[in-house]
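> sharing a sequence plus its predicted fold:
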Amino acid sequence: MKVLILADTHHDDGSRHLHYPASAKALEGFWDWLETISKQVDLITVCGDVSVKGTTHRNELFQVKEKFDSLNKQYIMPAGNHDMCATKGMEERYPDLEEYEYVSLEETNYYMVFSEAGVRYSKVHGGIRYIGFSIRNEDPDGQLVWLKKELEKPEPKLLFGHYPLVKSRSGGFCETWDYSRIDKVIPGLIALIGNDEHKVMAYFCGHQHINSIVPLGSTYQIETASAVLG
C-alpha cells in the first residue's frame, strides 16, 4: 500500500483577491504533478485546507472534488479551517475567508460536497485502519464519540486530521502558532489518539505549513507542510 500524504493545498478559484498569491502560482503546476504522481500510489490523503474560502464559496470545494475524482484514486480528505471553520466568531476576524457555519455538520458546505467520507472516514486497507476526521471546536457534532468507537476497533491505525494537537516546535517559526482553533477538544483528542490501547501508529496533520515529527502519547504527530508554501 503506497500512500501520498499532502496538506494545505489551498485551491483558490480567483473570485476574490488571492489570499496566498505564491500558492496560487504554484498550483498551476501542482495539479499536473499530482496527476502524474497519483499513478504511482494507491491512496491519497490531504490533511485539510484543500480550499482557501470553502466555508463561504462551495464552488471551490466542488472544483477540488472534481480534480481528485478525476484521478480515479481513493482519497481521504478531512476538512481544515479554510474548508469548515472550527471556531465560532472567526467570521469577524476573517470575513469571506474563514466563516463559522452555524448549522449542523450535515448542512456545512464541506459535508454537502464531500459527504460522510469527508468528515468521518474509516476503512481498512492492507490490514491497517485508515481514519480521517473533521472536527469543530467544542465538538458540536459528536465527533469524539465516533472517533472513540473507531479507535476501539482491533486493527492498527493511521489517523488523518488537520490540526496539530501537541507543540510542534520548541523554537523558531510556529513555536506558538496556532492551537487555538480547536483548543476545547485538544485534550480529548490527545487522550484518544495517544492511548496505546488504540494502536495508533501515527497521526498526520497540517495547518502550520511546516514539517515536524513529535511524540503524542504512545504515538507520533507527523505534520506535513503546505503542498506549495512549506
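Now that the structure is in, tell me what you want to look at.
> and the strands in the chain, which stretches?
For the chain, the strands defined by DSSP state E cover 3-6, 43-46, 74-76, 120-125, 128-133, 157-160, 200-205, 212-216, 219-223.
> show me the contact partners of the fourth one.
Read that as strand 120-125. With Cβ atoms under 8 Å, 6 or more residues apart in numbering as the test, strand 120-125 has contacts from 1, 42-43, 76, 78, 129-134, 143, 146, 150, 153, 155, 160. Quick note: C-beta positions are derived from backbone N, CA and C, even for glycine.
> need the buried ones from those selected in PyMOL.
Of the contacts of strand 120-125, the buried ones go into a single PyMOL selection, burial set by 16 or more other Cβ atoms under 10 Å:
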select buried, resi 43+76+78+129+130+131+132+133+134+143+146+150+160
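> returning to that earlier point: what's the most buried one of the strands of the chain?
Mean neighbour count (mean count of other Cβ atoms under 10 Å) peaks for strand 157-160 among these, with a mean of 25.
> what pairs with that one, parallel or antiparallel?
Here strand 157-160 has these sheet partners by DSSP bridges: strand 128-133 (parallel), strand 200-205 (parallel).
> CA-only coordinates of the last one, as PDB, when you get a sec.
By that I understand strand 200-205. Coordinates of each C-alpha in strand 200-205 appear next as PDB, following Å, rounded to 0.1, in the frame of the first residue of the first chain:
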ATOM      1  CA  VAL A 200      -2.400   4.400  16.500                       C
ATOM      2  CA  MET A 201       0.900   4.200  14.500                       C
ATOM      3  CA  ALA A 202       0.800   7.900  13.600                       C
ATOM      4  CA  TYR A 203      -1.400  10.900  13.500                       C
ATOM      5  CA  PHE A 204      -0.900  13.100  10.400                       C
ATOM      6  CA  CYS A 205      -1.900  16.700  10.200                       C
END
